[in-house]
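1. Prediction below, plus the sequence it came from.
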Amino acid sequence: MSPTANLQTVTLGPNGLVVPALGIGTWAWGDSLFWDYGKTYSDDEIQAAFNAFLDAGLTLFDTAEIYGFGKSERLIGRFMQQRPQQAVVATKYFPFPWRFSRQSVVDTLTASLDRLQVASVALYQVHFPLDFLLSQKDLMQALAAEVRRGRIGAVGVSNYSAQQMRDAHRYLAEEGIPLASNQVHYSLINRKAETSGVIAAARDLGVTILAYSPLSQGLLTGKYTPETDLKPTGARWLDPRFSQSGLTKLMPVIGALKEIGEKRDRTPAQVALNWLVCQGNVLPIPGAKNARQAAQNAGALGWELTPDEKAQLTQITESYC
């Protein structure tokens, strides 16, 4: 039996690629500004995480040209050479002000493909809904052209509001291309995607939600508590949620995650990720810096919370909507 046999799956957009319902976020792979890459973890540990994900049946790796200024893409490209045709790659285009023509999409995609050492990517996303000299309509037309050219399997967006997503969907539809996904910040303790209408609009349009920071940068692992003096690495220590008062506020949520997890021999992180999977049409993309974290993330699939457990977690985190 293959590792993916018992895993929940998600379709990237209408009639799109089917992948396991948990992806891998690779912002930390090569980023030394926020994540302390090269100081607290190495390339060898990242490669071990990459292999552990594939061994567990997880295939979708989400990266971006600006992660580590291209380093994340280069690392994934290098790792894929040793495991050909196993990984599914999603990367992103950043609409900088100086990217004012459709040719900028062509050139930026070409650079990403070169770093990844591939001829095409499964999903190419617009990192932010920024309008400078290149309009959203022109941008979507340029992306549609790359789908027809065969260098992009599907088009996605990231950090788009409900209305921005509807606009992108409409512009692509005019080109005969579906909008596959919208990648947004979504977790048990960041549920603004629900109250802003993004989740409802995505369901209405058939757009898949990719949930980044689904563990809120480690807060939902239960690793950080008011009693311990453990501090997060990199720039995360500046986040007030990691302060003693912030962690104290979080403890009822962590308590519920632990209580549910203990009944099932699951970790708080696995329970928090499973809650997102249970929403339907949501693909969480937690990060991992080593094989142990990768294996733990993979344990979020292959089982499901009961309706009562899901409702308990939904209720206890209502203040985070």
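-> Great, that's in hand. Quick caveat: nothing in here was measured; it's all calculated off a predicted structure.
2. count of residues packed around Gly156?
-> Here the neighbour count serves as a burial measure; for Gly156 (other C-beta atoms under 10 Å) it reads 28. Bear in mind the C-beta positions are built from the backbone N, C-alpha and C, glycine included.
3. Now it. Its backbone dihedrals?
-> Main-chain dihedrals, Gly156, degrees, to the nearest 10: phi -130, psi 170.
4. any idea how far the nearest residue to Arg203 once chain neighbours are set aside lies from Leu143?
-> In space, and not counting its chain neighbours, Arg203 is closest to Asn281: 5.9 Å by C-beta to C-beta, 6 or more residues apart in numbering. According to C-beta to C-beta, to the nearest Å, Asn281 stands 22 Å off from Leu143.
5. repeat for Asn51
-> As judged by C-beta to C-beta, Asn51 and Leu143 stand 31 Å apart.
6. Which one's more surrounded, those two?
-> When Asn51 and Leu143 are compared on other C-beta under 10 Å, the one with more neighbours turns out to be Leu143, at 27 against 16.
7. Check whether the more buried one really touches Ile152, as I assumed.
-> Yes. Look at Leu143 against Ile152 with C-beta atoms under 8 Å: they come within range, at 6.6 Å.
8. so who does Thr26 touch?
-> If a contact means C-beta atoms under 8 Å, 6 or more residues apart in numbering, then Thr26 has 61-63, 67, 72, 75-76, 287 as its contacts.
9. from those, which ones fall inside strands?
-> Counting by DSSP state E, those place 61-62 in strands.
10. just the buried members of the contacts of Thr26?
-> Restricting those to buried positions leaves 61-63, 67, 72, 75-76, 287, with burial counted as 16 or more other C-beta atoms under 10 Å.
11. With distance to Leu123 and pLDDT as added columns, please give those residues in a markdown table.
-> Formatted as a markdown table, the entries for the buried ones among the contacts of Thr26 read as follows, by distance: C-beta to C-beta, whole Å; pLDDT from 0 to 100:
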| residue | distance to Leu123 | pLDDT |
| --- | --- | --- |
| Phe61 | 10 | 98 |
| Asp62 | 8 | 98 |
| Thr63 | 11 | 98 |
| Tyr67 | 15 | 96 |
| Ser72 | 15 | 97 |
| Leu75 | 18 | 98 |
| Ile76 | 13 | 98 |
| Gly287 | 17 | 95 |
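12. and of the residues you listed, the nearest to Gln164?
-> For the buried ones among the contacts of Thr26, the closest approach to Gln164 (C-beta to C-beta) belongs to Asp62, at 19.7 Å.
13. quick one, what contacts that closest one?
-> Neighbour list for Asp62: 23-26, 90-91, 183, 210, 212, 285 [criterion: C-beta under 8 Å, 6+ apart].
14. Let me see the ranges of the helices in the chain.
-> Counting by DSSP state H, the chain has helices at residues 43-55, 71-82, 102-116, 136-149, 162-174, 192-195, 198-205, 244-264, 268-277, 291-298, 307-316.
15. Check these for me: which has the lowest mean pLDDT.
-> Across those, helix 244-264 has the smallest mean pLDDT, namely a mean of 87.
16. Buried residues, it. List them.
-> By neighbour count, and taking 16+ other C-beta under 10 Å as the criterion, the buried residues in helix 244-264 are 247, 250, 253-254, 256-257, 260-261.
17. Out of those residues, which two sit at the greatest distance?
-> Based on C-beta to C-beta, the longest span within those runs between Leu247 and Ile260 and measures 19.6 Å.
18. Outside of stretch 164-175 itself, list whatever touches it.
-> Residues contacting stretch 164-175 (C-beta under 8 Å, 6+ apart): 126, 129, 136-137, 140-141, 143-144, 155, 157, 160, 178-179, 182, 198, 201-202, 205, 207.
19. try 10 Å
-> Identification of contacts with stretch 164-175 by C-beta atoms under 10 Å, 6 or more residues apart in numbering yields 13, 126, 128-129, 131, 135-145, 147-148, 155-157, 160-161, 177-182, 184, 197-198, 201-202, 204-207.
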